[in-house]
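Chemist: Kindly return the folded structure for what I paste below:
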Amino acid sequence: MSTPQRRVYAVPDASAPREKRYALLRELARGMARELPLATHRFVGVSYEHTFVGADALEWTARATAADIDLRAALRVCQALLDHGLVARVAKRESATDALCALASDHADAARRRFKAT
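Modeler: Residues are numbered from 1 along each chain as shown. Below you'll find the predicted structure:
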């Protein structure tokens with residue numbers, strides 16, 4: 001019985017055309033949705049379902065990309081995911097790596113609405 005091969009994702013190059021960068025980021029976000037465990041996290045007494053912590057996304061991104069990138073480079077990639085709306089911050093914590101995030105979907109929108117209501 002063989003172990004399934006882990007998918008490796010390309011890192012968007014800043015010099016690539018905008019459409020190509022976005023397509024690579026979208027593919028990375030889809031991989032994150034499939035492979036990064038989502039959970040319910042509590043922040044300031046509010047539960048947020050289907051979310052992940054920024055540090056987990058950084059580690060996953062560093063491991064899942066084709067280039068051998070460090071956490072600083074992974075942070076730039078994750079920031080690009082945020083900038084393009086493919087990942088959403090639902091609750092801001094002390095540092096970016098502690099931020100509570102959700103994949104850009106109905107889950108993220110619902111989590112942000114709950115956060116703003118409190």
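
Chemist: which helix of this protein spans the most residues?
Modeler: Longest helix in the chain by number of residues (criterion: DSSP state H): helix 18-35.

Chemist: And the strands in this protein?
Modeler: With DSSP state E as the criterion, the chain has strands at 39-43, 46-53, 87-91, 100-103.

Chemist: Please identify the buried residues of the longest helix of the chain?
Modeler: 21, 24, 25, 28, 29, 31, 32 (16 or more other CB atoms under 10 Å). (C-beta placed from N, C-alpha, C; glycine too.)

Chemist: In the chain, where is pLDDT below threshold?
Modeler: In the predicted model of the chain, residues 1-6, 92-118 satisfy pLDDT under 70.

Chemist: quick one on the thing from earlier: between the strands of the chain, which gets nearest to residue 80?
Modeler: strand 87-91 (9.4 Å; CB to CB).

Chemist: Can you give the strand pairings for that closest one, parallel or anti for each?
Modeler: strand 100-103 (antiparallel) (DSSP bridges).

Chemist: got the contact list for residue 31?
Modeler: Contact analysis of residue 31 by CB atoms under 8 Å, 6 or more residues apart in numbering lists 7, 9, 64.

Chemist: If you tally nearby residues, what's the number for the last one?
Modeler: What it means is residue 64. Per other CB atoms under 10 Å, the neighbour tally for residue 64 reads 20.

Chemist: same thing with the first one?
Modeler: For residue 7, the number of neighbouring residues by other CB under 10 Å comes to 10.

Chemist: wait, isn't it in contact with residue 64?
Modeler: Yes: in this structure residue 7 lies within contact range of residue 64 using CB atoms under 8 Å: 7.1 Å.

Chemist: which residues are common contacts for those two?
Modeler: 31, 35.

Chemist: who does the spatially closest residue to residue 43 that is not a sequence neighbour bridge with?
Modeler: With CB to CB, 6 or more residues apart in numbering as the criterion, residue 43 has its nearest non-adjacent residue at 4.5 Å, and that residue is residue 91. Applying DSSP bridges to residue 91 gives these bridge partners: residue 100.
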